[in-house]
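S.K.: Pasting a predicted model and its sequence here:
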Amino acid sequence: MKKILLLFLFCNFSTLIFAQNDSLIFQKSIYFSEKIILSDIDSYGRIYICDNKGLIKRLDSVGNVELTFSPSSSIVPTIFNVQNPNQIFVFYQELQEWVILNRFLTEIERYKISEKLESNNYGEIGFVRLLVPSPNNTLWFFDESDFSLKNYDILNKQILSQTPLGLILKDEEYPISHLQFYQGQVFLGVKGQGILIFDNFGNYKTVLEYPDWNSISFEKEFILITNNQKIIKKGLYDKNLEEIILPKQNTDTTQAINYFFQSNSKGYQITENKIFIYKFSTN
């Protein structure tokens, strides 16, 4: 009887940790002549890509180009964030400025960090490597000059928090290449270490130990991590964990996975020059 009970508990515990894998059905692929540098997805399931000439395109859910933003220069942005599709945030590290696009991909605002962000009791604001918005009119950024994560209140023009990263990171030489605010948490992607998670006050919480991560995206209450050729789907608030398997019969999908997004029943794999569109089908 004890053996039966233990087996029952083990099976239920396994179910909590490893959700049933979803299978992907390949639908179509789209080729782009220019190299895709950045990509994101909005709440309507529309894909955005930025190529090596700095052009930003919005695609509908089946891959048709709807709109294009042609900047005045060919400088490629470091980050663009489309969580609010009516105010798309585009950060240019090289220029140390950010641009706001409306829902028609028309530039409506442009700000220089040196003019918009003012220092306060936390000291000077130095070279900003990564900069992203949050819904409460603040900006989160990684300040390379003092190696810290900072939160800035735009309306009151003050730094709300500063989190030194020197003691958190295993090695300061690890490249910090992803920053995103999602559902009240800050996600900082560090190549060679993993994905660091902070609360909305800048307090360090934990790290997702995927040192070989390649991209990060979110779908409802899940984080999707491309890790080498694998796609890990992990619950943000529970122990759900699964691996999304790409169809093997499509040999083109052996290309490096630069991004992967899920929107309801569709999956989107972004490689250097292609977008692969799939449909999820629960086994």
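M.R.: Perfect, I can see it now.
S.K.: From I49, how far off is the closest residue to I154 other than its chain neighbours?
M.R.: What sits nearest to I154 in space, not counting adjacent residues and going by C-beta to C-beta, 6 or more residues apart in numbering, is N137, at 5.3 Å. (C-beta placed from N, C-alpha, C; glycine too.) Per C-beta to C-beta, to the nearest Å, N137 is found 28 Å from I49.
S.K.: Just to be sure, L179 is in a helix?
M.R.: No. Judged by DSSP: H, G, I helix; E, B strand; the rest coil, L179 forms no part of a helix; its state is strand.
S.K.: Bridge partners for F280, pull those for me.
M.R.: Counting by DSSP bridges, F280 is bridged to L24.
S.K.: Now for it, how many residues are close by?
M.R.: 15 (other C-beta atoms under 10 Å).
S.K.: What of K230?
M.R.: Neighbourhood size, K230 [other C-beta under 10 Å]: 16.
S.K.: same check, this time on Q269
M.R.: 25.
S.K.: so it, which of the three states?
M.R.: Relying on three-state DSSP, one would call Q269 strand.
S.K.: Equivalent analysis for I195, please.
M.R.: Classification of I195 using three-state DSSP returns strand.
S.K.: show me the contacts for the nearest residue to it once chain neighbours are set aside.
M.R.: Leaving aside its chain neighbours, I195 sits nearest to L208 (4.2 Å; criterion: C-beta to C-beta, 6+ apart). By C-beta atoms under 8 Å, 6 or more residues apart in numbering, the residues touching L208 are 194-195, 197, 223, 225, 234.
S.K.: Going by distance to Q162, which of those wins?
M.R.: Each of the contacts of L208 was checked against Q162 using C-beta to C-beta; the closest is I197, at 17.4 Å.
S.K.: Run through the residues that contact the closest one.
M.R.: Counted by C-beta under 8 Å, 6+ apart, I197 has contacts 185-188, 204-208.
S.K.: picking up where we left off before, okay, N137 and I49: which has more neighbours?
M.R.: When N137 and I49 are compared for neighbours, I49 comes out ahead with 22 against 11, by other C-beta under 10 Å.
S.K.: my read: that one touches N273, true?
M.R.: No. Counting by C-beta atoms under 8 Å, no contact exists between I49 and N273, whose distance comes to 10.5 Å.
S.K.: what residues do the two have in common as contacts?
M.R.: 32, 36.
S.K.: thinking again about what came up before, who wins on neighbours among the contacts of I197?
M.R.: Most surrounded of those: other C-beta under 10 Å gives L188, at 26 neighbours.
S.K.: Which helix or strand contains that residue?
M.R.: In this structure, L188 sits in strand 185-190 according to DSSP states H and E.
S.K.: Pull the contacting residues for the residue nearest to I244 when sequence neighbours are not counted.
M.R.: Nearest non-adjacent residue to I244, counting by C-beta to C-beta, 6+ apart: I231, 4.0 Å away. The contact partners of I231, by C-beta under 8 Å, 6+ apart, come to 224-225, 243-246, 257, 260.
S.K.: Go through these and flag which are in strands.
M.R.: Assigned to strands by DSSP state E, the following of the contacts of I231 qualify: 224-225, 243-244, 260.
S.K.: Looking at those residues, state which has the most neighbours.
M.R.: Going by other C-beta under 10 Å, F260 tops the ones in strands among the contacts of I231 with 27 neighbours.
S.K.: got a list of what that residue touches?
M.R.: Counted by C-beta under 8 Å, 6+ apart, F260 has contacts 215, 217, 224, 226, 231, 244, 267-270.
S.K.: Show me the contact partners of stretch 54-71.
M.R.: Under C-beta under 8 Å, 6+ apart, the answer for stretch 54-71 is 28, 30, 34, 44-51, 73-77, 80, 90, 99, 101, 104-107, 263, 266, 275, 277.
S.K.: let me fix that: stretch 81-100
M.R.: 40-44, 46, 48, 56, 71, 75, 77-80, 101-103, 105, 107-114, 127-133, 135, 180, 182.
S.K.: List the buried residues of that stretch.
M.R.: For stretch 81-100, burial by neighbour count (16 or more other C-beta atoms under 10 Å) applies to 81-83, 85, 88-93, 96-100.
S.K.: Dump the C-alpha coordinates for it into PDB.
M.R.: Output in PDB follows, covering the C-alpha atoms of stretch 81-100 (Å, rounded to 0.1, in the frame of the first residue of the first chain):
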ATOM      1  CA  ASN A  81      10.100  46.800 -26.900                       C
ATOM      2  CA  VAL A  82       6.600  46.400 -28.200                       C
ATOM      3  CA  GLN A  83       4.700  45.400 -25.000                       C
ATOM      4  CA  ASN A  84       2.700  48.600 -25.600                       C
ATOM      5  CA  PRO A  85       2.000  48.500 -29.400                       C
ATOM      6  CA  ASN A  86       0.700  52.000 -29.300                       C
ATOM      7  CA  GLN A  87       4.000  53.300 -27.900                       C
ATOM      8  CA  ILE A  88       6.900  51.200 -29.300                       C
ATOM      9  CA  PHE A  89      10.100  51.900 -27.500                       C
ATOM     10  CA  VAL A  90      13.400  51.800 -29.500                       C
ATOM     11  CA  PHE A  91      16.700  52.300 -27.800                       C
ATOM     12  CA  TYR A  92      19.900  53.200 -29.600                       C
ATOM     13  CA  GLN A  93      22.900  52.500 -27.500                       C
ATOM     14  CA  GLU A  94      25.400  54.100 -29.900                       C
ATOM     15  CA  LEU A  95      23.400  57.400 -30.000                       C
ATOM     16  CA  GLN A  96      22.500  57.200 -26.200                       C
ATOM     17  CA  GLU A  97      18.900  58.100 -27.100                       C
ATOM     18  CA  TRP A  98      15.500  56.400 -27.400                       C
ATOM     19  CA  VAL A  99      12.600  56.800 -29.800                       C
ATOM     20  CA  ILE A 100       8.900  56.300 -29.400                       C
END
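S.K.: Alright, calling it a day.
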